[in-house]
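>>> Sequence first, then the predicted structure, then my questions.
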Protein chains: 2
Amino acid sequence: MLKPLKVGIAGLGTVGAGVVKLLAAQAELIAARAGRPVVVTAVSARDRTRERGVKLDGPTWHDDAVALAQDPDVDVVVELIGGAEGKAKALAQAAIAAGKDFVTANKALLAVHGAALARAAEANRVTIAYEAAVAGGIPVVKALREGLAANRVSRVAGILNGTCNYILTVMREEKRDFAEVLAEAQALGYAEADPSFDIDGVDAAHKLAILAGLAFGARIGFESLHIEGIRRVSAIDIAFARELGYRIKLLGIAEQTGAGISLRVHPAMVPERKPIATVDGVFNAVLLEGDFSGPVFLRGRGAGEGPTASAVVADLIDLARGIRVPVWGMAESALAQAHIAPITELNGAYFLRLSVVDQPGVLADVTAILRDHGISLESMLQHGRAPGEAVPIVLVTHETHEAAVNAALARIAALPAVLEPPALIRIEPQ
Amino acid sequence: MLKPLKVGIAGLGTVGAGVVKLLAAQAELIAARAGRPVVVTAVSARDRTRERGVKLDGPTWHDDAVALAQDPDVDVVVELIGGAEGKAKALAQAAIAAGKDFVTANKALLAVHGAALARAAEANRVTIAYEAAVAGGIPVVKALREGLAANRVSRVAGILNGTCNYILTVMREEKRDFAEVLAEAQALGYAEADPSFDIDGVDAAHKLAILAGLAFGARIGFESLHIEGIRRVSAIDIAFARELGYRIKLLGIAEQTGAGISLRVHPAMVPERKPIATVDGVFNAVLLEGDFSGPVFLRGRGAGEGPTASAVVADLIDLARGIRVPVWGMAESALAQAHIAPITELNGAYFLRLSVVDQPGVLADVTAILRDHGISLESMLQHGRAPGEAVPIVLVTHETHEAAVNAALARIAALPAVLEPPALIRIEPQ
């Protein structure tokens, strides 16, 4: 057996402690699979005294994570601190500069600084591994970067945030409103005290940017993503979706289009029989479309101690086995500069919901505006009557252009009989 | 850029020609991802003159596949001949003996001779790669051998044969009988002229044996698998399954049980809302249960030119990148000798269908026998009445022991009012 792979772990929160636990619990199995033991030789965290449920008397304790990266008794630095800047970024740079391989679960760091880190890693002949950064226990980075490496990938679509999927699932199943379900999810620990990172779609967008970079072999500017969260998804839209045979999911979608790469995170209506529509609760899922493989769909736990630790340790076993893959699937210099299509260039079908005064002529006004913008309708729903009062009208368009929809909605919103800003949800055929 | 990886391909049927096409179509992309070109330098097939829709004027032609393995201008031998014995086996041995890496889509060869080939490969310091042998375009070998390498896997369950899944799907959707749908599938080219390898479950069993070896780090004796095909699945059972909220799928299941490893291919009733129940047509799917990752579900195209070529070329890109993983995920000497639990040791719920004379007392006799063997019922269905004629009775048991079910069915079958051998379908909770 070869000499052990020596691991330094920075960040001992839930995931960090989970990695320590996993490496201890399966030490023998991992040594057999990796061909050598994988041992934790150093750790770093803010608080030495906190009870973490793991034995930490063996490894060297570093108060400073950067010092851990420079510890000669560390071959691989595992970063589980989080955040795109600050300590995590400094640690990444220090590890790479010290010639150490770098394993991370940090999606923000990679989405924002991935290209620069890849250049540094190549210059220093080290590897950056980040299976845990996307979709937790699902080995989707490996599937895309290695399993589908023979394919041109035309599209990646996924449920990439378990908190949002949990909230949308409970809203649908229990016919409840967003604010109430969010509050409950926070009480249960499924959502953070400050939930904006999740529910505003930023976390999903970080993961999508990583998948897009891998899928298309391109440098993705994170600021070019179109990001909408789930705050404005209402119980009434979920009910209409059900009636129309759809489910509302927060999707991250990266696809090659005639106008460039479309990169977007937003609530979407998905036909209820499609695999991604059936993924409920905290589960994540990703659909990859390769030109030779056809569609490959993966589903599993996207977060939590066990799934994330499983992904981190898979990366460590890869390194122990000597598996080294370019950070973005090819040399950084070979990556294309992504041309991102603005969201207004999107072509697709749309669900539109208006709140209007129930009076004669409103629908004629609305449909005349849609006609003016070349938008044709697949279906219209107007349930119940309440003369003189507010009623919802739902319109489902055929495939059209988002810029046309925006222009039409601006005019529709200005009609005197239209009471609230119209709701728009994109329909994704999958 | 490094020097090219030189590939010799033996077998130029649909998949072999597909690999040549893929390598030509994506040559630049593959070179970027692999860090070096991947080029076909030699080929071998029975018939030089056949039109294959690909250009083959560059590579050296070998009439003898073994000579291709010895060609000094070949780094990697790709075997696409098929079959556990004969030419394919001779080629594998010749390639390994010549110090060449070996890539194959041959599930039979690996299921039957996998341990011996792994020993030979280790002795000669070469790699055997076989992503294409299981589930076509789904990178499940990589998911299991690398992606979930940190996990103890307790269970693998999959739809591993697209022909069977297609037939069962059409039987359900069109309420038609097996023989008729099989004949149609043959006419459409979805089933072979001699379909027994597929419909008797042998093909799925080969794939299951490979997945089990990987999942459990064990040498699997192929002859120890319990194998039933789909010939006896009837339209009436599919109708009852629907009524009870199940779908009938041909599953391959490998799981750790108290009695050893349970390894079996058979039709199974799966709750209709479970992911694997929703996989229809020619698609394949695999569910992997890791102790840290939780359930990981993969779905995609299990066969065909494109998906299989995608998997073969993924293996070639791995080799070009220098990725080398032990054949069975660990050294052959570290594999356990699998203790296989006989099917009679299975614990589970059962769907039983009897054809009985509709007369008083029959159900009392049947339930008395079940009671004698300690089997309790979850539900019973007897639709319609036809006094003195044959009617079906469906019984769904609670969890029980297969040996008890067999003993009870032997007695039930001997009752004068029972007209046909009872039908038995195992219920799998997933």
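Happy to help now that I have it.

>>> contacts, neighbours, all on C-alpha from now
Noted.

>>> how would you label residue A:19: helix, strand or coil?
The three-state label given to residue A:19 by DSSP: H, G, I helix; E, B strand; the rest coil is helix.

>>> What's the local residue count around it?
26 (other CA atoms under 10 Å in any protein chain shown).

>>> With adjacent residues omitted, what lies nearest to it?
Excluding the flanking residues, the one nearest residue A:19 by CA to CA, 6 or more residues apart in numbering or on different chains is residue A:309, at 4.8 Å.

>>> what does residue A:380 give?
Per CA to CA, 6+ apart, closest to residue A:380 is residue A:395, 4.6 Å.

>>> I'd assumed residue A:349 was in contact with the one you found.
No. Taking CA atoms under 8 Å as the definition, residue A:395 is not a contact partner of residue A:349, at 10.4 Å.

>>> hang on, the earlier thing: show me the beta-bridge partners of the residue nearest to residue A:380.
residue A:352, residue A:380 (DSSP bridges).

>>> show me where the stretch 201-350 of chain A has strands.
A:218-219, A:226-227, A:246-257, A:260-271, A:283-290, A:294-301, A:336-337, A:347-357 (DSSP state E, counting those that start in this stretch).

>>> which helices and strands sit right next to the first one?
For strand A:218-219, the contact count by 3 or more CA pairs under 8 Å, 6 or more residues apart in numbering or on different chains; DSSP states H and E identifies strand A:336-337 as packing neighbours.

>>> Give the pairing partners of the strand it packs on; include direction for each.
Per DSSP bridges, strand A:336-337 is paired in its sheet with strand A:218-219 (parallel).

>>> now the partner strand, how far from the centre of its chain.
17 Å (CA atoms, centre = their mean, to the nearest Å).

>>> out of residue A:395 and residue A:349, which sits in the busier spot?
residue A:349 (24 against 21).

>>> For burial, what's the neighbour tally of residue A:183?
17.

>>> Residue A:385 too?
Neighbours around residue A:385, by other CA under 10 Å: 12.

>>> which residues sit in contact with it?
Residue A:385 is in contact with A:358, A:391, counting by CA atoms under 8 Å, 6 or more residues apart in numbering or on different chains.

>>> can I assume it sits in a strand?
No. Under three-state DSSP, residue A:385 falls outside any strand and is assigned coil.

>>> For it, what are phi and psi?
Here is the backbone geometry of residue A:385 (degrees, to the nearest 10): phi -130, psi 140.

>>> Find me the pLDDT at it, would you?
Per-residue pLDDT puts residue A:385 at 80.

>>> what sits opposite the closest residue to residue A:252 other than its chain neighbours in the beta ladder?
Sequence neighbours aside, residue A:265 is the residue nearest to residue A:252 in space, at 4.3 Å (criterion: CA to CA, 6+ apart). Following DSSP bridges, residue A:265 is listed with bridge partners residue A:227, residue A:252.

>>> need the contact list for residue A:265.
Contacts of residue A:265 (CA under 8 Å, 6+ apart): A:201, A:204-205, A:208, A:225-229, A:250-253.

>>> now do residue A:193
residue A:186.

>>> Kindly report the same for the one 4 residues further on.
The contact partners of residue A:197, taken as CA under 8 Å, 6+ apart, are residue A:203.

>>> Rebuild the strands of the stretch 201-350 of chain A as JSON lines, extending it with distance to residue B:187.
Output for the strands of the stretch 201-350 of chain A, formatted as JSON lines (distance: least, CA to CA, whole Å):
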{"stretch": "strand A:218-219", "distance to residue B:187": "45"}
{"stretch": "strand A:226-227", "distance to residue B:187": "48"}
{"stretch": "strand A:246-257", "distance to residue B:187": "36"}
{"stretch": "strand A:260-271", "distance to residue B:187": "32"}
{"stretch": "strand A:283-290", "distance to residue B:187": "29"}
{"stretch": "strand A:294-301", "distance to residue B:187": "24"}
{"stretch": "strand A:336-337", "distance to residue B:187": "46"}
{"stretch": "strand A:347-357", "distance to residue B:187": "38"}
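
>>> Lowest average pLDDT across these?
Among those, strand A:336-337 carries the lowest mean pLDDT, a mean of 92.

>>> Nice, that's everything, thank you.
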